[in-house]
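>>> fold the following and give me the result.
(2 chains)
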Amino acid sequence: MVGIDEQDPAVRPKGPVPPRRRTQRVPAPLLLPAGAGLAFLVLPLAGLVYRAPWTSLPRRLTEPEVLTALRLSLQAATIATGVCLALGVPLAWLLARVDFPGRRIVRALVTVPLVLPPVVGGIALLLVFGRRGIIGTWLDSTFGITLPFTTTGVIVAEAFVAMPFLVIAVEGALRGADTRYEEAAATLGAGRWTTFTHVTLPLVAPGIAAGAVLGWARALGEFGATITFAGNFPGRTQTMPLAVYLALETDLQAAIVLSLILLTVSVTILAALRDKWLTAP
Amino acid sequence: MTDVRIEPASGPILDAHLVVDRGAFRLDLRLRIDAGEVVGLLGPNGAGKTTTLRALAGLQPLSAGHITVAGRDLDRPDRRLWTPTERRPIGVVFQDYLLFPHLTALDNVAFGPRRHGVDRRTARRRAVDWLARVGLHEHARSKPRQLSGGQAQRVALARALAVDPLLLLLDEPLAALDARTRLDTRAELHRHLTEHPGATLLVTHDPLDALVLADRLLIIEDGHLVQEGDAATITAQPRTDYVARLVGLNLYRGKADGHTIHLSDDFSLSVGDPLHGDAFVAFPPTAVALHPHQPDGSPRNTWPATVTGLQRHGDNLRVQLAGPIAAAADITPAAAAHLQLAPGQTVWAAVKATETRAYPAAARQVTTPAASKDS
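Residues are numbered from 1 along each chain as shown, chains lettered A, B, ... in the order given. Down below sits the predicted model:
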């Protein structure tokens, strides 16, 4: 056995170890479109970074219009996420835990805003919550509340499109959670509500957080429903995406700067979530 | 929180007739457990052990019958009485403990008292006491994933006992532990169960757990009680194949005629105890001797048998035999080497009449259809 590693003679083959062969080749008909697809997704973003007016960036970032739009966007998206949490978590619990007739239909209805063109959502919101809408008329005459073309309207529009993301994420987390913990809580004297707040919620907290972040990102980028339902008034309903669109017609450089900000926010969220909750199964 | 105190005198803590219909499976079991008594519920997989436990805990409603704890009906379908789980005076130790992963050991134990209306400070003090009693005082701040299996089991026990349950239910409390931890934990569990003033039902499929921990054993198969008694009775006189395997005996049923029990038309065993009528005959695998040829000149039961399996059993080898009767024989490795045993080989098995135990099959202790189904 001279010349062979003494430590592990059994698994060492005689002579030099052959180089590892690639036993699975990627077929070209798959590799080429895959590369093109990747380029298609990445190139526009690279172009955005490449064309950015880096020298005038600090000055442009601190322009009052930009800051106003950014602040409004962040505030509206955050409040909309809060609304989604308050309404969406109980809805997700209902879908995941209670077996009621028509549950499949309800679940389908919940996901409609996901596939609905946002502009259509905005029009639908106008028809219901608008001044002459079914609920809007009542809100106006009873409370004097007007939703369309107000900051509250922005929040309503954003919550409408963001809620399905949250409901789906939280429902998935609830279905994945072990219900026997809830049974254990019951044997210790916890009623259903206490069990929900003390056991179920902490168990699915990661899922709720992931859903909230996804919903927040969706709300931040909301355009169609917002401009339809809330309009485009600087300082009141003009969020970042609307500001980008408006700037595009007059000042391309400004549009690029605003887009860069949105891109930065999105990538930051993705990076923060990547390892925690968004890893592929 | 103990609004129901244990009545010192009258009746059992638990008086139940559990009937649960679940499609093809039907559980039909009567249970009575006195204060301070530990009853072990044994049975093969699918016998209805878990269903029994879930019914008592209120996680599975009864189809018929009743559950009465300390004179109070918890579930009685015919009177439309139903007490939800959270209002039953019970404590449950689950098989994999189900400690809340987001709470510390202390908060896990304090969870029950808090839900029973005890203020935070008192609940935490009580939890500290309980953790000290199970020897985990210094692990109060640990999260469940930082605890070893044995420690998690003790936290689960403390959590269940911290609400002073009238009825304590344990589902395979030692099954998730490795052999060494199991030994220590079993001894400690025994101490706590002895101290528990309420009734205890221990569900297990490990006969050793049941023998050590329980005062009385119930054995169920296919949803029915098949044997009941203390450990000595059951180990001495098993009444079904499952129980016989559980206690490590060869068991047969036949017609006794004095010192002979006819197991079939052309096979009978000689026994020491004279008996008449339906009878069981049992003998341990160590009583079976194996010979290469038919032994002669001794008052023995002998029969030709075929070796179907060999496995280690402690220091010996357990040999599975087919033939006129299926039997297990324990022999020393030396004897096995001498016989050059291999599956498929034909040997002669021999059992002395004095090493058999024969007893009447007419059920004295239990009368359920399942107990006599093979007659």
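
>>> what are the pairing partners of the helix or strand where residue B:308 lies, and which direction each?
With the criterion set as DSSP states H and E, the secondary-structure element containing residue B:308 is strand B:300-313. With DSSP bridges as the test, strand B:300-313 is paired with strand B:316-322 (antiparallel), strand B:346-352 (antiparallel).

>>> show me what the last one is in contact with.
Applying C-beta atoms under 8 Å, 6 or more residues apart in numbering or on different chains, the contact partners of strand B:346-352 are B:269, B:283, B:287-295, B:298-307, B:321, B:323, B:327, B:329, B:339, B:341. Where C-beta positions appear, they are placed from N, C-alpha and C, glycine not excepted.

>>> hmm, who's touching the helix or strand where residue B:168 lies?
Following DSSP H and E, one finds residue B:168 within strand B:167-171. For strand B:167-171, the surrounding residues in contact (C-beta under 8 Å, 6+ apart) are B:13-14, B:33, B:49-50, B:53, B:56-57, B:69, B:88-95, B:160-161, B:193, B:196, B:198-204.

>>> OK, contacts around the residue in the stretch 151-300 of chain B positioned nearest to chain A?
Shortest the stretch 151-300 of chain B-to-chain A distance, computed as C-beta to the nearest C-beta: residue-wise this is residue B:163, at 6.3 Å. Neighbour list for residue B:163: A:188-189, B:1, B:91, B:112-113, B:116 [criterion: C-beta under 8 Å, 6+ apart].

>>> in helices only, show me those residues.
Using DSSP state H to define helices, the subset of the contacts of residue B:163 located there is B:112-113.

>>> same list (the contacts of residue B:163) but as a markdown table, adding neighbour count and distance to residue A:119.
Supplementary listing: these in a markdown table, determined by neighbours: other C-beta atoms under 10 Å in any protein chain shown; distance: C-beta to C-beta, whole Å:
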| residue | neighbour count | distance to residue A:119 |
| --- | --- | --- |
| A:188 | 29 | 51 |
| A:189 | 24 | 52 |
| B:1 | 18 | 58 |
| B:91 | 27 | 58 |
| B:112 | 29 | 54 |
| B:113 | 25 | 56 |
| B:116 | 19 | 55 |
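
>>> which stretches of chain A form helices?
Using DSSP H, helices in chain A cover A:28-51, A:57-61, A:64-97, A:103-115, A:118-129, A:134-143, A:151-176, A:180-187, A:192-195, A:201-220, A:224-229, A:240-250, A:252-274.

>>> now do the stretch 51-200 of chain B
With DSSP state H, counting those that start in this stretch, the ranges of helices along the stretch 51-200 of chain B come out as B:105-115, B:120-133, B:149-161, B:179-195.

>>> ok, the residue most central in space within chain B to chain A distance?
When chain B is reduced to its mean C-alpha position, the closest residue under C-alpha atoms, centre = their mean turns out to be residue B:42, at 2.7 Å. In this structure, residue B:42 lies at 22 Å from chain A, with C-beta to the nearest C-beta, to the nearest Å as the measure.

>>> confidence-wise, which of the contacts of residue B:163 comes last?
Among the contacts of residue B:163, residue B:1 carries the weakest pLDDT, at 46.

>>> specify the residue ranges that define each domain of chain B.
B:14-236, B:249-362 (automatic domain parsing).

>>> switch these over to TSV; also include distance to residue A:207.
Converted to TSV, those look like this (distance: least, C-beta to C-beta, whole Å):
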stretch	distance to residue A:207
domain B:14-236	13
domain B:249-362	47
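
>>> deepest in the core, which of those domains is it.
Here the criterion is mean neighbour count by mean count of other C-beta atoms under 10 Å in any protein chain shown, and of those the winner is domain B:14-236, at a mean of 19.

>>> span of it from start to end?
Length of domain B:14-236, first residue to last, C-alpha to C-alpha, to the nearest Å: 28 Å.

>>> centre of the chain versus it, how much separation?
When C-alpha coordinates are averaged (C-alpha atoms, centre = their mean, to the nearest Å), domain B:14-236 and its chain have centres 13 Å apart.

>>> right, and residue A:221 touches residue A:242 too?
No: distance between residue A:221 and residue A:242: 10.9 Å, which falls outside the contact criterion (C-beta atoms under 8 Å).

>>> mind checking which of the two has more residues around it?
For residue A:221 versus residue A:242, the count of surrounding residues by other C-beta atoms under 10 Å in any protein chain shown is larger for residue A:242: 24 against 20.

>>> low-confidence ranges, the chain, go.
Went with chain A since none was named. A:1-23, A:274-281 (pLDDT under 70).

>>> right idea, wrong chain: chain B
Counting by pLDDT under 70, the ranges of chain B that qualify are B:1-10, B:297-299, B:362-375.
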